[in-house]
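Q: sequence first, then the predicted structure, then my questions.
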Amino acid sequence: MRLRLFWGWLLLPALALTLACGGAAETITVVETVVVEKQVKGDTIVETVVVEVEKVVRRDPVVVVATPTPAPKGPVPRNRIFVMPMGGTIIANHDNFNPYALGNQLQRFVLSKGFNEMMFYGNLNTGEQIPWQAESWSLAADNKTVTIKVRDGVKWSDGTKFSAHDIVFTLNEINGGGSTQGNLVNVPFETGAIASIRAIDDMTVELVQDVANPRWFWKNFGISHENHVPIMPKHIWEGQDLETFKFYDPAKNWPVNTGAFELVSSSPQQIIMQRKDDWWGVESGFWPKTRHVEQLIFVPSGDGAATTQMIINNEAETSILDVGDFLAAKARNPKLRSWFRTGPIWGPSDGCVFRFTPNNLKPPWDNADLRRALQYATNRDQIVELALEGSVNTAVLPFAEYGGVQAYIEPLQDLIAQYNPGEYNLDKSAELMTSLGYAKDSGGFWAKDGERLTFTANSAAWRAHHLPPAVQQWRDAGFDVDSKSWDGDSAMESLLSGEWEIYNEVHCGSLTDPFETLNDFHSKWSRPLGENQPYRHATSRMNNPEYDAIIDKMEVLEPSPTDPEYTALVREAVEIYLQEVPEIVWGEERHAVTFNETYWTNYATDENPYAAPFFCCWSSPYLIILQLLPTQ
């Protein structure tokens, strides 16, 4: 059942009831503070009254927890509220503001949107770096030593100055100094990745990486993707258990943060944050723009159909919808849009591509010419049209259309034209099969030495709709192929096992330079048949020593699209990739990220790409919330 939203402060009781499942229902009376509007000779008078109301609750067990709530400044009008649906039926861990607690996703879905800030943000669309809590970082010639300069004027919500000591404390803790990372979430690097870290002074941090890597710091702390490494206030966290500390005590005004919003209330039904008038960004002059969003509300929204209905009814501002749901919703609410205002491609890049991956170690797919023959038999345009309603662009290389990455790829158009991986050509496919000793049998399928080439195309169940058009194309080209889908955890287990010939999967990698994706084809990731792969995006099991040597050289160089040495290595690696055909990329993954312009405009879009707009789970939407403009 869809949850109905009630605006203003009607959902802020003085008592929060934590209800356990089970037991009989009974009616109890609780005291609530509500806002009442009265009309007096044409004027509206807002009055706060205390009333007794009856509620039906579960009798056993019931835990009543006193939860002091900040006094409201007055009811916030709907056109100054930004509502984000979260899916599901309750907000799990609503009282746990520890962003590193195992199983806690509050940082990913809620706190990154206005509460916990990052040292740096990034605009993936342009490759721009956006300093925030810190004003700069620099890497020494050893590619290991990072110097971080803290921004003057940043302060915690309790008035304490944000300093280098907070950074050193937090990173020491999650690096393994206070706990093992197997019991933490949102730590993107391995235990011990930081060899040492110290505060040179109150405003300067020196961090030494365990291994020379020019990308490590920015990848982990700056790209505003799935980066959720907020700095914690040392003066509160020191001495606490990193794994169990909830950082939630309203009587102590916890949680403390540096973000532009403060917590008003948190329950399984909703989390409300209010615009902070004394935010450091305003007081220091760092953020001179007017902040129009006065309140953030996060609510569980049920399933996709319920979320779609909320968007249609103007009860929520943004979500990620299936293309079909987006089009249906847009037909009923013309104020809805996505990254592109017109289709058929609607959504933004998300850093991933769709691909069919042959198992490069499993005969006969260990032959690049056989993989290329299958590539020639793949009609990307048709797959995109039939499987995804034409809602994504076709692709031939495993790189998203982010500006930082494309700066390296655009100069390679001659290589792409030379190898032409996107060519759909059944004659060339047949020529390659014939050169490999195959001939079509009486059933019209490729066979060799009296044995038909048969294989299965595998997929996770939620992507299985990609397979029917591809399977039919391949069968029409003479490949005797069927398909199999995997549900739940078995999908990942099957992918990593390598016990397959072809797998339909996404390839997520490079966001700022091509190395991250190209590194996925290094043989260090390959495992012998029968052993599980360690990493889902490196499942091709490609082995090429020449390629490995190129990637090893790239890894220790600071990436730059204007560095001739680095760009030459990118070119060499991409050419070997095109020769090897370790995967068949067929489209760029895009989602219909939906924006409701009934109350708000100036979302990050194709016309104004100042941030990546994935409100669900990235840190960059904080930059969008700060810059939204009201329509009324």
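A: Structure received. Here the structure is a predicted model, which is why all the values come from computation and not from measurement.

Q: switch to C-alpha atoms for all contacts and neighbour counts from now on
A: Noted.

Q: please name the residues that touch the spatially closest residue to Arg337 that is not a sequence neighbour.
A: In space, and not counting its chain neighbours, Arg337 is closest to Phe595: 5.4 Å by C-alpha to C-alpha, 6 or more residues apart in numbering. Each residue near Phe595 by C-alpha atoms under 8 Å, 6 or more residues apart in numbering is listed here: Glu317, Thr318, Ser319, Leu336, Arg337, Ser338, Tyr603.

Q: the second one: neighbour count?
A: Other residues within reach of Thr318 by the criterion other C-alpha atoms under 10 Å amount to 27.

Q: any idea how far it lies from Ile148?
A: For Thr318, the distance to Ile148 equals 35 Å [C-alpha to C-alpha, to the nearest Å].

Q: re earlier: which of the contacts of Phe595 sits closest to Arg380?
A: Distance to Arg380, by C-alpha to C-alpha, is smallest for Ser338 among the contacts of Phe595, at 23.7 Å.

Q: does the closest one really touch Thr594, like I thought?
A: Yes - counting by C-alpha atoms under 8 Å, Ser338 does reach Thr594; the two are 4.8 Å apart.

Q: now do the strands in the stretch 401-550 of the chain.
A: 439-440, 446-448, 451-452, 454-460, 480-486, 502-508 (DSSP state E, counting those that start in this stretch).

Q: reformat those strands as JSON lines; add distance to Gly343.
A: Shown next, in JSON lines, are the strands of the stretch 401-550 of the chain (distance: least, C-alpha to C-alpha, whole Å):
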{"stretch": "strand 439-440", "distance to Gly343": "42"}
{"stretch": "strand 446-448", "distance to Gly343": "40"}
{"stretch": "strand 451-452", "distance to Gly343": "43"}
{"stretch": "strand 454-460", "distance to Gly343": "27"}
{"stretch": "strand 480-486", "distance to Gly343": "30"}
{"stretch": "strand 502-508", "distance to Gly343": "23"}
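
Q: tell me the most buried of these?
A: Mean neighbour count (mean count of other C-alpha atoms under 10 Å) peaks for strand 502-508 among those, with a mean of 24.

Q: check Leu102 and give its pLDDT.
A: pLDDT for Leu102: 86.

Q: not counting its neighbours along the chain, what's nearest it?
A: Leu184 is the one closest to Leu102 (C-alpha to C-alpha, 6+ apart), at 4.7 Å.

Q: ok, Asn543 next?
A: Ser523 (4.9 Å).

Q: number of residues surrounding the one you found?
A: There are 17 residues near Ser523, going by other C-alpha under 10 Å.

Q: hmm, it is touching Ala549, no?
A: No - using C-alpha under 8 Å, Ser523 is not in contact with Ala549; the gap is 10.2 Å.

Q: related to what we said a few turns ago, now mean pLDDT and distance to Cys616 too, for the strands of the stretch 401-550 of the chain, in TSV please.
A: As requested, the strands of the stretch 401-550 of the chain are exported to TSV (pLDDT from 0 to 100; distance: least, C-alpha to C-alpha, whole Å):
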stretch	mean pLDDT	distance to Cys616
strand 439-440	98	49
strand 446-448	98	46
strand 451-452	98	47
strand 454-460	97	22
strand 480-486	97	25
strand 502-508	96	17
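
Q: out of those, nearest to Leu415?
A: Comparing the strands of the stretch 401-550 of the chain by C-alpha to C-alpha, strand 502-508 comes nearest, at 21.2 Å.

Q: return the set of buried residues in the longest helix along the chain.
A: The longest helix of the chain (DSSP state H) is helix 564-580. Neighbour-count burial for helix 564-580 flags Tyr566, Thr567, Leu569, Val570, Arg571, Ala573, Val574, Glu575, Tyr577, Leu578, Glu580 (criterion: 16 or more other C-alpha atoms under 10 Å).

Q: what does stretch 623-632 give?
A: Within stretch 623-632, the residues that count as buried by 16+ other C-alpha under 10 Å are Leu623, Ile624, Ile625, Leu626, Gln627, Leu628, Leu629, Pro630.

Q: looking at the residues you listed, spot the one nearest Asp480.
A: Ile624 (49.5 Å).

Q: how close does the closest one sit to Ile345?
A: 22 Å.

Q: give me the pLDDT for Thr69.
A: 40.

Q: do Ala407 as well
A: At Ala407, pLDDT is 95.

Q: thought it was touching Pro561?
A: Yes - Ala407 lies in contact with Pro561 (C-alpha under 8 Å); the separation is 6.2 Å.

Q: wait, doesn't Pro613 sit right on Ala604?
A: Yes - under the contact definition of C-alpha under 8 Å, Pro613 touches Ala604, with a separation of 6.2 Å.

Q: show me which of those two is the more surrounded one.
A: Taking neighbours as other C-alpha under 10 Å, Pro613 and Ala604 compare with Pro613 leading, 28 against 23.

Q: please tell me how far the closest residue to the more buried one other than its chain neighbours sits from Ala460.
A: In this structure, Pro613 finds its nearest non-sequential neighbour in Pro621, 5.6 Å apart by C-alpha to C-alpha, 6+ apart. Pro621 is 29 Å from Ala460, where distance means C-alpha to C-alpha.
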